[in-house]
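Engineer: Predicted model, plus sequence, below.
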Amino acid sequence: MDFTDDDVAALYDLTNPWDADHWPSDRFYNGLVAAAGSTLDVGCGTGQMLHAARDRGHVGRLVGLDPDVAALGRARRRADIEWVEGRAADIAWHREFDLATMTGHAFQCLLSDQEVQVSLAAIRGALRNGGHFVFETRHPQARAWEQWAVGDSGDIAFSAGRVLRMRYGIEVRGDIVDTTEITSLVDGTVLREDTGSLRFLDVGPLNVFLAESGFDVEAQYGDWKRGPVTPESKEIITIARAA
């Protein structure tokens, strides 16, 4: 039984709905987008954040960028938002946006120093002077990957009567965590295995990259209530200003 890229995108929306009433992270970003005249969402995925902004009456320019064709296919269900296929390093806009975002820990998909540097430079170039780049990355001290490797998702009711389960295989090499996402039926039949990698940067190295790319860190939070980064923080939530 095939499980296509389109199925993966639909499953993501099902298991990760944009819901500001339930998720403080979504509420955090909703406020930022509402206050910005123009927003570039880098790694927009299926476009849920920008869809929500239009639903709430945002009338400014909204642009979503992502390399995943299937995810963009779902995003393009709304035609009143610009959707562009590409990666952060491909950004060619110049001083056009008030706000750039990377939600859903998308920043962690930038793996090498060079990829981080080129991507940050491109994002900086797209922002007007004084504009803001806002994103989050999981704090390495919380070792989130250890939880991913435990158990499975439980039953997920999907389309065509299929009930799915998801589990993860994990391999750690320095600050890179390699993942294998395994999607199966409840009887154990594997439908698909997707591999990926995430980088877990600590605050110090992260801020060096930002400074070298023309950003001033205005604030960093350890949680979605805007609390400080502490030895117990699970997140590094950054508001960086384009200098």
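Structural biologist: Good, I have the coordinates.

Engineer: remind me, longest helix of this structure?
Structural biologist: helix 113-126 (DSSP state H).

Engineer: three-state assignment of the most far-flung residue of the chain relative to its centre?
Structural biologist: Most distant from the centre of the chain: Asp187, at 31.3 Å, with distances by C-alpha atoms, centre = their mean. Here Asp187 takes the coil state, with states given by DSSP: H, G, I helix; E, B strand; the rest coil.

Engineer: Pull up the gap between it and Arg76, please.
Structural biologist: From Asp187 across to Arg76, the span is 35 Å (C-beta to C-beta, to the nearest Å). Where you see a C-beta, it was placed from the backbone N, CA and C, and this is true even at glycine.

Engineer: Also Gly214?
Structural biologist: In terms of C-beta to C-beta, Gly214 sits 32 Å off from Arg76.

Engineer: Comparing these two, which residue is more hemmed in?
Structural biologist: Higher neighbour count among Gly214 and Arg76: Gly214, with 17 against 13, using other C-beta atoms under 10 Å.

Engineer: just the helices in the chain please.
Structural biologist: So, for the chain - with DSSP H - the helices run 5-15, 24-35, 48-55, 69-75, 113-126, 145-148, 203-212.

Engineer: could I get those helices as a markdown table with distance to Ala160, mean pLDDT and mean neighbour count?
Structural biologist: Output for those, formatted as a markdown table (distance: least, C-beta to C-beta, whole Å; pLDDT from 0 to 100; neighbours: other C-beta atoms under 10 Å):
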| stretch | distance to Ala160 | mean pLDDT | mean neighbour count |
| --- | --- | --- | --- |
| helix 5-15 | 10 | 96 | 16 |
| helix 24-35 | 29 | 98 | 17 |
| helix 48-55 | 23 | 98 | 20 |
| helix 69-75 | 17 | 98 | 19 |
| helix 113-126 | 38 | 98 | 19 |
| helix 145-148 | 27 | 96 | 14 |
| helix 203-212 | 43 | 98 | 15 |
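
Engineer: which stretch among the ones you listed comes nearest Thr238?
Structural biologist: With C-beta to C-beta, the closest approach to Thr238 among those belongs to helix 203-212: 7.2 Å.
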